[in-house]
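K.L.:
got a predicted model here, sequence first, then my questions.
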Amino acid sequence: MWRLCSWRWILEKLREIDVIRYKAEEFDCQTWVIQALRLLKDAEEEGVNIYEVSDRKIREELIRERERWELAEDTLEERLFL
């Protein structure tokens, strides 16, 4: 039951993030990821443990993830869920 409630809580929190469409200079998927991690880190929900949220670190990891995808290597989804 805890997991189900936690997923619902996470989904509700992520809905709080505004998505700016058709303005790539103002918003992209990396911007969304950074905002999402900050929101979850600052939340009061027990069990949410995000220790490092820096733009540079997140963007570096997203670049590595895109490179893995383009080279047909494993992706984050495959590493975590398969």
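P.N.:
Sure, I can see it. Residues are numbered from 1 along each chain as shown.

K.L.:
with adjacent residues omitted, what lies nearest to Arg59?
P.N.:
Setting aside the residues directly before and after it, Arg59 is nearest to Gln30 in space (Cβ to Cβ, 6 or more residues apart in numbering), at 5.7 Å. Where C-beta positions appear, they are placed from N, C-alpha and C, glycine not excepted.

K.L.:
what sits against the one you found?
P.N.:
Ile58, Arg59, Leu62 (Cβ atoms under 8 Å, 6 or more residues apart in numbering).

K.L.:
out of the residues you listed, which end up buried?
P.N.:
By neighbour count, with 16 or more other Cβ atoms under 10 Å, the contacts of Gln30 hold Ile58, Leu62 as buried.

K.L.:
which one of the contacts of Gln30 is nearest Trp9?
P.N.:
Ile58 (21.8 Å; Cβ to Cβ).

K.L.:
tell me which element Ala24 is part of?
P.N.:
Here Ala24 sits in a region with no helix or strand, counting by DSSP states H and E.

K.L.:
what's the burial count for it?
P.N.:
The number of residues packed near Ala24 is 9, by other Cβ atoms under 10 Å.

K.L.:
likewise for Glu67?
P.N.:
Using other Cβ under 10 Å, Glu67 is surrounded by 10 other residues.

K.L.:
by mean pLDDT, point me to the weakest helix or strand of the protein.
P.N.:
Of all helical and strand segments in the chain, the minimum by mean pLDDT, DSSP states H and E falls on helix 76-81, at a mean of 66.

K.L.:
can you pull up the most central residue in this structure?
P.N.:
Val33 (3.9 Å; Cα atoms, centre = their mean).
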